[in-house]
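**Q** Structure for this input, please:
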Amino acid sequence: QVQLVESGGGSVQAGGSLRLSCAASRYTSSSYCLGWFRRVPGKEREGVANVDRVGNTRYADSVKGRFTISKDNAKDILYLQMNNLKPEDTAMYYCAADRYYCGLRGEYFTIWGQGTQVNVSS
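**A** Numbering: from 1, shown residues only. Purely as a prediction, here's the structure:
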């Protein structure tokens, strides 16, 4: 069974950077679409970015030019490099995986991590 474990969250001032990591079960990164999502209490979950099996990426408009998704297939680790962070980026960030779906709709991803909190202060 595929498992995902996020790390790297924390608190940072606006304009700062953080890198999130998601450790996946063996062979996951080369076999599944992987994505990052975020959720703020009281708001809908938002798809942030994803990367497919061959490395094509997709981003939400709100993070384009600031966030970069990448993966290391040899280590089965998914990353999200977040630069120029804004207070509105404050959220719980989750990584997710799905064997068949590769978009930004979270309801179609079947495997989820527990999340890591990101707080950006102004």
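
**Q** can you give me the helices in this structure?
**A** 28-31 (DSSP state H).

**Q** mind listing the strands for it?
**A** Counting by DSSP state E, the chain has strands at residues 4-7, 10-13, 18-24, 33-39, 46-51, 57-59, 67-72, 77-82, 91-98, 111-112, 116-121.

**Q** Please work out which residues outside the longest one touch it.
**A** The one in question is strand 91-98. Applying C-beta atoms under 8 Å, 6 or more residues apart in numbering, the contact partners of strand 91-98 are 2, 4, 6, 9, 20, 22, 24, 28, 32-40, 46, 48, 78, 80, 106, 108-118. C-betas here are computed from N, CA, C, even on glycine.

**Q** can you do 6 Å?
**A** Strand 91-98 has contacts (C-beta atoms under 6 Å, 6 or more residues apart in numbering) with 2, 4, 6, 20, 22, 28, 32-40, 78, 109-113, 115-118.

**Q** and the closest residue to N83 other than its chain neighbours, how many residues sit next to it?
**A** Nearest residue to N83 in three dimensions, chain neighbours excluded: S17, at 4.7 Å (C-beta to C-beta, 6 or more residues apart in numbering). By other C-beta atoms under 10 Å, the residues close to S17 number 11.
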